[in-house]
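# I'll drop the sequence and a predicted model, then ask my questions.
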Amino acid sequence: MGLNPELNRDLLTDRLLDVAEFSHAHWFFGNLYELLVKVPHRVAASEASKELPRTPFGAGSPGRYYAPLAPINAPAAVGALAAGWHDPLTRTSLMAAAAGSVTGAAATVYVLRSLNPKLFFSPEPLAEDLREPLLKRWYQVHAVRSAASAVALAAIHRARTIRLRSR
């Protein structure tokens, strides 16, 4: 005998929230680390070498740490919203989580397409007068990404807490 549809939907929501919470925690704390140790300053100023190529997944680049989980952040949060929409108690939290996640993803796409290639992946580091305005913009957008990931993570935690209390 199979599970009833509402139970299936609740189980799917819980699993998607598990994935979203883990991936957003990874994202938030990775963003915090990048900010605290000024990873962009270090990578943007580094000279290319055999050991440290200026590539998205070269040594020193945070890209290889984000690549496995970053693509599932927004889909997991949006999926949890869709699966959990029927529950009015968590709907607001799920909407905030999805909105934060999508906002952060959009800011990340901007960084990856418009800033990172110039700053980090050119054959040689940019001159400091060209690099500094780009780094300033990178940190401004990074603040948006960090805030969005914090909102998403807090909203996911809130939705999970409400779901656990209502059982």
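In hand now; what should we look at?
# need the helices for this structure, in chain order.
5-36, 39-45, 63-66, 73-84, 91-110, 116-120, 128-165 (DSSP state H).
# Give me whichever of those helices is most buried.
helix 73-84 (a mean of 23; mean count of other CB atoms under 10 Å). Just so you know, the C-beta spots here come from the backbone N, C-alpha and C atoms, and that holds for glycine as well.
# still on that earlier bit, adding distance to Thr55 and mean pLDDT, write the helices of the chain out as TSV.
Shown next, in TSV, are the helices of the chain (distance: least, CB to CB, whole Å; pLDDT from 0 to 100):
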stretch	distance to Thr55	mean pLDDT
helix 5-36	18	92
helix 39-45	11	85
helix 63-66	8	78
helix 73-84	23	96
helix 91-110	18	97
helix 116-120	9	88
helix 128-165	18	95
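# would you list those helices in JSON lines and tack on distance to Pro56?
JSON lines is the format used below for the helices of the chain (distance: least, CB to CB, whole Å):
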{"stretch": "helix 5-36", "distance to Pro56": "15"}
{"stretch": "helix 39-45", "distance to Pro56": "11"}
{"stretch": "helix 63-66", "distance to Pro56": "4"}
{"stretch": "helix 73-84", "distance to Pro56": "18"}
{"stretch": "helix 91-110", "distance to Pro56": "13"}
{"stretch": "helix 116-120", "distance to Pro56": "7"}
{"stretch": "helix 128-165", "distance to Pro56": "15"}
